[in-house]
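K.L.:
This is a predicted model, with the sequence first.
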Amino acid sequence: MAWRRGALWVGGTLVALALGGLLFAASGIYNVAARSGHFDVTTWVIELVLRRSVALHARSAEAPNLDDIDRIRLGAAHFQGGCAPCHGAPGTARNPIVKGMLPVPPDLARAAETWSEKELFWIVRNGLKYTGMPAWSAPTREDEVWSVVAFLRRLPTMDTAGYRALAEGEAEPAVAQRAGWSPELLRCGRCHDTSDRPSASQLVPRLAGQSARYFAAALRAYKDEWRPSGIMQPIAAELDEAAIDRLAEQYARLPGLVGTAPTALADDLSQGRSIATAGVPEAGIPACLSCHASGYGLYPRLIGQSAAYIRQQLHLFQAGQREQTVLGQIMTPVARRLNDRQIQEVADFLASSGREPPGGDLSP
Amino acid sequence: MSPVARCILLACLVLPLAGCEGVQSVLSPEGLSARRIALLAHVLFIGGAVILVGIVALTALSIYGGAGWRNRLASEKIVIGGGIVFPVVVLTALLVYGLAVTRVGGTDRAGPDALRIAVVGERWWWRVIYTDADGRRFESANEIRIPTGRPVELALTTADVIHSFWVPKLAGKLDMIPGRTNYQTVVAEVPGVSRGQCAEYCGGAHALMSFFVVAMPPDEFEAWLVREAGPAAAPGGAAASQGRQLFLRGGCGACHKVRGTPANGAIGPDLTHVGGRLSIAAATLETSPQAFARWIAENQHIKPENLMPPFRIFADDELDALATYLTSLR
């Protein structure tokens, strides 16, 4: 009989607590204002949950080489546009609006030190509930997330000048003064090549001289979320149709990527040259330049493109990440027939061929 | 049974026999080798049927014939004679006859007067390599043309996995095995079209790996061979010219060869005279402009897993132009 009475007491207490909680929630007494903050004990519990949850979930991540300077540069360039508005950056204080958030987005120059690489990766990729930290908009692009992590590792030791050089490009002030540049073009030029300087990172594709039809198709693929990229999708989403066409025209006019097969070639690249110009018929690999230097505007020009970018994109094709677009459906099976060595050789060949000295003018 | 019901029953019984006719039937041979196989098969079927009728008759006799018949059938002589001697004699005779009629042990190679054609099994189509009178080799695909009345030696190889070459109306099946060349000599006795197919599972699109063999009178064949050896016709008309331009700039030449143009690919079928073939995509579609257009854009739906990527980048008028061009390649 005693256990029955005990159970009745426990059950009754639980029901009373639940009802009381419901009543409290329904009454509207609790203040949800960001301004009102949390009790110290609430903060302690929240941080415990957060730390433990991230530590547990982040265990399985596998980091690539995070000392790769191109990865760091790409991460820095994205940080400037995508993260700094809330988290601030060296030399740029957080906006007062942001300071009104609960929790206030941490200054990553210090906060990043308290998380491991895997934990940073997990947070940037998945976001954090109830904090305002969003998930990466293209979760399959782990390579992009790692580039942000690569940058965050360096951030604590970075001064204002070092950060500016990395994230904005040294030529930024000079570029910004150029007459006739549309605001969106200035935005592209922060990461991509301009007539004055190369792309901020080898992982950022060269755009000067790119075929206008392909350029516009690529931007629309990002805009419509057919082509995954947590970096390019948010940028393309803000471009209207006219802006896309304008950018395509402007970049196509610049001297840069070459649309016809090169003639003079270095000997040490003969293997890559052979793949690019003749393919590997026994492995079902067609010659790259049959499409990429055929003059058909819908295919991207690749002669003079960055080797690191070509390699990375071929690996993305192999992983099926670009299969959503009609162009990607052509390239995916071809990319899957290449092995890593062939990818390296052909990327080096394409990058080293047809380079032209910088020059020309971006103004319309 | 009413006359109508009787007609329906008769139709149902006769209908399956229609399968014995047609372009891919072992029961309507048009080649020397296939005729021998068919003859052996008929001897087997008829002999087997006669023996079956005899056994059924003896069984009936033993059931309904009374004790006298049962005693006689159970005698030692009948058991030894019918159970051991008869099968040994009949099966031995059949074996000897079968070996003789299908020329087992004879050479599969043809004499010096034979036409020689190389056929390479690919996933999932057939590369056909002819050699003309001057010794020049040139390629075609998914269709083999041969003269009637003359031995044709087929050198069968594979580029990848094991395939099996089988044209039931002309000869038995023969495997294409990596690393070796198998020879099959066929003689087509009458002009006509035979259908063949891969008879060894070779991967995803195996079921759509077929081809046609067209047997032609010798003089027609010689004229055809000269035409086939030549380069592709220049496109006539604006649409065909636009199609040719799209073909070259769209990168088709990376995999396909059209002799006489810069398209020089060796990965996929040679398309120099593709418009003149009965089918495209290894007898998957009957040749027509619509079939070309569908194939270019939708080939992964028509023949899943085939090694050509789908080219859905072309607008409808561009597809029409490409189709017009390819159809004109006769």
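P.N.:
Nice, thanks for sending it over. It should be emphasised that the depicted structure is a prediction, and the values quoted were computed from it without experimental measurement. Numbering: from 1, shown residues only, chains lettered A, B, ... in the order given.
K.L.:
Buried residues, stretch A:82-101. List them.
P.N.:
By neighbour count with 16 or more other Cβ atoms under 10 Å in any protein chain shown, stretch A:82-101 contains the buried residues A:Gly82, A:Cys83, A:Ala84, A:Cys86, A:His87, A:Gly88, A:Ala89, A:Pro90, A:Arg94. Glycine gets a C-beta too; all of them are placed from N, C-alpha and C.
K.L.:
Spit out the contact partners of the last one.
P.N.:
With Cβ atoms under 8 Å, 6 or more residues apart in numbering or on different chains as the criterion, the residues that contact A:Arg94 are A:Cys86, A:His87, A:Gly88, A:Val104, A:Pro105, A:Asp107.
K.L.:
Over to the third one: give its phi and psi.
P.N.:
With angles defined as degrees, to the nearest 10, A:Gly88 shows backbone torsions of phi 70, psi 170.
K.L.:
can you pull the pLDDT of the closest residue in space to it that isn't next to it in sequence?
P.N.:
Residue nearest to A:Gly88 in three dimensions, not counting chain neighbours: A:Arg94, with 4.0 Å by Cβ to Cβ, 6 or more residues apart in numbering or on different chains. If you check A:Arg94, the pLDDT there is 86.
K.L.:
which SS class is A:Arg94?
P.N.:
At A:Arg94 the chain is in coil, as set by DSSP: H, G, I helix; E, B strand; the rest coil.
K.L.:
Just the contacts of A:Arg94: which are in strands?
P.N.:
Of the contacts of A:Arg94, none are assigned to strands by DSSP state E.
K.L.:
Just give the number of residues close to the residue of the stretch 51-200 of chain A found nearest chain B.
P.N.:
The nearest approach of the stretch 51-200 of chain A to chain B comes at A:Thr140, 21.1 Å away (Cβ to the nearest Cβ). The tally of other residues near A:Thr140 (other Cβ atoms under 10 Å in any protein chain shown) stands at 15.
K.L.:
Could you check how far it is from A:Trp226?
P.N.:
13 Å (Cβ to Cβ, to the nearest Å).
K.L.:
lowest average confidence, helix or strand, in the chain?
P.N.:
In the absence of a named chain, chain A is used. None of the helices or strands of chain A scores lower by mean pLDDT, DSSP states H and E than helix A:172-176, at a mean of 49.
K.L.:
other chain: chain B
P.N.:
Scanning chain B with mean pLDDT, DSSP H and E, the lowest is helix B:3-14, at a mean of 63.
K.L.:
For the next helix or strand after it, what is the distance to the chain centroid?
P.N.:
Using DSSP states H and E, the helix or strand that follows helix B:3-14 in sequence is helix B:32-64. On the basis of Cα atoms, centre = their mean, to the nearest Å, helix B:32-64 sits 29 Å off its chain's mean C-alpha point.
K.L.:
swap in stretch B:316-330?
P.N.:
28 Å.
K.L.:
Only the buried residues of it, if you could.
P.N.:
Neighbour counts over stretch B:316-330 (16+ other Cβ under 10 Å) mark B:Glu318, B:Leu319, B:Asp320, B:Ala321, B:Leu322, B:Ala323, B:Thr324, B:Tyr325, B:Leu326, B:Thr327, B:Ser328, B:Leu329 as buried.
K.L.:
since we're on the residue of the stretch 101-250 of chain A found nearest chain B, how many residues are nearby?
P.N.:
At 9.0 Å from chain B, A:Ala217 is the closest residue in the stretch 101-250 of chain A, using Cβ to the nearest Cβ. A:Ala217 is flanked by 22 other residues according to other Cβ under 10 Å.
K.L.:
And A:Trp3, by the same measure?
P.N.:
A:Trp3 has 7 neighbours, counted by other Cβ under 10 Å.
K.L.:
Next up, identify which helix or strand it is on.
P.N.:
helix A:2-27.
K.L.:
which helices and strands sit right next to the very next helix or strand once past that helix?
P.N.:
For helix A:2-27, the succeeding helix or strand toward the C-terminus, using DSSP H and E, is helix A:40-57. Applying 3 or more Cβ pairs under 8 Å, 6 or more residues apart in numbering or on different chains; DSSP states H and E, one finds that helix A:40-57 contacts helix A:117-126.
K.L.:
How is the chain divided into domains?
P.N.:
No chain specified, so I'll use chain A. Chain A resolves into domains spanning A:45-59+A:66-168, A:172-352 when parsed by automatic domain parsing.
K.L.:
meant chain B actually
P.N.:
Using automatic domain parsing, chain B is parsed into the domains B:23-101, B:115-216, B:238-328.
K.L.:
Can you measure across the second one, start residue to end residue?
P.N.:
Its start and end residues considered, domain B:115-216 measures 13 Å (Cα to Cα, to the nearest Å).
K.L.:
any idea of the mean pLDDT in that domain?
P.N.:
pLDDT averaged over domain B:115-216 gives 95.
K.L.:
Low-confidence regions, chain A specifically.
P.N.:
A:1, A:169-181, A:261-269, A:354-364 (pLDDT under 70).
K.L.:
Those residues of it touching chain B, which are they?
P.N.:
Residues of chain A found near chain B (Cβ under 8 Å from any Cβ of the partner chain) are A:279, A:281-282, A:284-287, A:290-291, A:294-296, A:298-299, A:326-327, A:329-334.
K.L.:
Apply the buried test to those and list what passes.
P.N.:
For those, a burial check counting by 16+ other Cβ under 10 Å picks out A:279, A:281, A:284-287, A:290-291, A:294, A:296, A:298-299, A:326-327, A:329-334.
K.L.:
Quick check: chain neighbours aside, which residue is closest to B:Thr272?
P.N.:
B:Arg259 (4.4 Å).
K.L.:
Go ahead and confirm B:Leu246 touches B:Ala321.
P.N.:
Yes - here B:Leu246 reaches B:Ala321: they are 6.0 Å apart, a contact under Cβ atoms under 8 Å.
K.L.:
Which parts of the stretch 201-330 of chain B are strands?
P.N.:
B:210-216, B:279-280, B:285-286 (DSSP state E, counting those that start in this stretch).
K.L.:
which one of those lies closest to chain A?
P.N.:
Using Cβ to the nearest Cβ, the strands of the stretch 201-330 of chain B put strand B:279-280 closest to chain A, at 19.2 Å.
K.L.:
Residues in contact with that closest one: which ones?
P.N.:
With Cβ under 8 Å, 6+ apart, strand B:279-280 has contacts from B:Asn142, B:Glu143, B:Ser210, B:Phe211, B:Phe212, B:Val274, B:Leu285, B:Glu286, B:Thr287, B:Ala291, B:Phe292, B:Trp295.
K.L.:
In JSON lines: these, plus neighbour count and distance to chain A.
P.N.:
Output for those, formatted as JSON lines (neighbours: other Cβ atoms under 10 Å in any protein chain shown; distance: Cβ to the nearest Cβ, whole Å):
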{"residue": "B:Asn142", "neighbour count": "24", "distance to chain A": "18"}
{"residue": "B:Glu143", "neighbour count": "23", "distance to chain A": "22"}
{"residue": "B:Ser210", "neighbour count": "20", "distance to chain A": "21"}
{"residue": "B:Phe211", "neighbour count": "24", "distance to chain A": "20"}
{"residue": "B:Phe212", "neighbour count": "20", "distance to chain A": "25"}
{"residue": "B:Val274", "neighbour count": "24", "distance to chain A": "18"}
{"residue": "B:Leu285", "neighbour count": "18", "distance to chain A": "20"}
{"residue": "B:Glu286", "neighbour count": "11", "distance to chain A": "26"}
{"residue": "B:Thr287", "neighbour count": "19", "distance to chain A": "24"}
{"residue": "B:Ala291", "neighbour count": "19", "distance to chain A": "20"}
{"residue": "B:Phe292", "neighbour count": "25", "distance to chain A": "17"}
{"residue": "B:Trp295", "neighbour count": "23", "distance to chain A": "14"}
